[in-house]
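Novice: predicted model and sequence follow; I will ask about them next.
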Amino acid sequence: MRTVDAAGLGIGDDHPSRIMGVLNVSEESPYDPSVFADPGEAAAYVDRDLIDEGADIVDVGLESANKRLDVLSAEEELDRLDTAVEAIESVSGEAVFSIETRYAEVADAALSRGFDMVNDVCGFADPAMPDVCDDHDAAVVKMASPPDLKRPGAVESVDEIYEALAMNGFTGKTILDPAFGGWSEEKTLADDRETFRKLREFRAYGRPLLVSINRKNFLRAVAGRETDEALPVSLAATAMAVERGAHVLRTHDVAETRDAALIGREFARDRVRGTGTDPTVEELDVTTRAEAARHLERVGASAGIADAGITRWFRLAGLGGAREPLAAAVADAEGVRLAGTDPAVLFGTPRGFEALNRAIPDGTDRLREIVSKILHDIN
């Protein structure tokens, strides 16, 4: 996993989870507490509610990304940049300042006037963006998006998100954002939930991950909460996101998100990683065929061999009379093993579980149901 240096702030597996607080200088933005037109008031907010609460990065938005609002031109964003620059110049605390924009022209101006990094909500749809960031030696967040400056984040399936993240390549300091939230009318809450379930897959690019899930609809809907009641679900998801490999958490609730990220990191599974000398080693967090296929594709290998590298383990209890037919089916299925009596441990490759599913005798519906559930989870 590549470590990104964002103006001296390390971002990656070997560093603490980084908290990105949000400041908006756009009157259209939906979260009123973060919106300021006066630079002095904005600076006071950044010091008091972001940096003092634990924000490592402050992301400054010049416009709302609400899909129901018109997109500002680069010239209109530049008109608002003065307020943003004056605000960050008045901040007394220490933080990395990020400019949220889709335009290379705006990014260049902001980086020339005191900003440290870029949050590109259109994922290099402006093909000049990587060169601008490289010229300034600046870190850049690349959000999954179509190659269209007017349609940020309007991708739905995990496959489309994965492809969008690769659009126009990467800089040496790129951080990836899979784009949670209602960026398009077509994108559903189920799409966001599926993306979250498969968050680990995006680690296959070997670059740090940013997630922006604070009070998002796909979480609120699970608990039936409105935005002002949604902090608990956001914090639960934050801890899970860190455990699944997220490195930067973009949020309006800085102190609470910081605590949730600490919990996620504390209880995340330790991965084997080498020192910094060659050859290096990094344990891959592979739990599904799709995750394995992503890693294989990144090294130019066939995704078809993903099956051989995955072994999944399952504990079964209360087998009773089902133990004997299960053992017989396992004996007939290459690539899967059964250990113990009751409880027992069942483990094998995805292909082995497919063979087991075919070998289960008729009349054992509960066994077939269990193996079918395992196959669904593996795939």
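Specialist: Nice, I can see it. Every value quoted in this text rests on a predicted model; they were computed, and no experiment measured them.
Novice: and the closest residue to residue 8 other than its chain neighbours, how far from residue 279?
Specialist: Distances taken as CB to CB, 6 or more residues apart in numbering place residue 96 nearest to residue 8, at 7.8 Å, with adjacent residues excluded. No exception for glycine: its C-beta is placed from N, CA and C like everyone else's. From residue 96 over to residue 279 the distance is 32 Å, taken as CB to CB, to the nearest Å.
Novice: who has more neighbours, these two?
Specialist: Taking other CB atoms under 10 Å, residue 96 and residue 279 do not tie; residue 96 has more neighbours (20 against 5).
Novice: who's in contact with the more buried one?
Specialist: Residues in contact with residue 96 (CB atoms under 8 Å, 6 or more residues apart in numbering) are 6-9, 56-58, 116-117.
Novice: ChimeraX command for the buried members of those residues?
Specialist: Selection of buried members from these for ChimeraX, criterion 16 or more other CB atoms under 10 Å:
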select :6,9,56,57,58,116,117
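Novice: show me which pair in the contacts of residue 96 is furthest apart.
Specialist: 8 and 58 (14.7 Å; CB to CB).
Novice: contacts only, for residue 15.
Specialist: So residue 15 contacts 3, 247 (CB under 8 Å, 6+ apart).
Novice: going forward, begin numbering at 35 instead of 1
Specialist: All set: I'll call the first residue 35, so the last point we hit is now residue 49.
Novice: my reading is that it lies in a helix. Confirm?
Specialist: No. Assigned with DSSP: H, G, I helix; E, B strand; the rest coil, residue 49 falls outside any helix and is coil.
Novice: pLDDT weak spots in this structure?
Specialist: 61-68, 99-103, 309-311 (pLDDT under 70).
Novice: the strands in it, which residues?
Specialist: Along the chain, the stretches classed as strands by DSSP state E are 38-40, 43-45, 52-58, 91-95, 130-135, 151-154, 173-177, 208-211, 244-245, 282-284, 346-350, 370-374, 378-382.
Novice: among the ones you listed, which comes closest to residue 393?
Specialist: Closest approach to residue 393 among the strands of the chain (CB to CB): strand 370-374, 9.1 Å.
Novice: list the contacts of residue 87.
Specialist: Residue 87 sits next to 55, 288-289, 292 when contact means CB under 8 Å, 6+ apart.
Novice: which of the residues you listed has the most neighbours?
Specialist: When the contacts of residue 87 are compared by neighbour count (other CB under 10 Å), residue 55 ends up highest, at 29 neighbours.
Novice: isn't it up against residue 80?
Specialist: Yes. Contact criterion CB atoms under 8 Å: residue 55 and residue 80 qualify, at 7.4 Å.
Novice: helices of the stretch 285-413 of the chain, residue ranges please.
Specialist: Along the stretch 285-413 of the chain, the segments classed as helices by DSSP state H, counting those that start in this stretch run 288-300, 323-332, 357-365, 384-393, 399-412.
Novice: how about the third one, which residues are buried there?
Specialist: Read that as helix 357-365. Going by 16+ other CB under 10 Å, helix 357-365 has these buried residues: 357, 359-360, 363-364.
Novice: and what of the longest one?
Specialist: Using 16+ other CB under 10 Å as the test for burial, helix 399-412 gives 401-402, 404-405, 408, 412.
Novice: which single one of these is nearest to residue 201?
Specialist: Using CB to CB, residue 412 comes nearest to residue 201 of those, at 29.5 Å.
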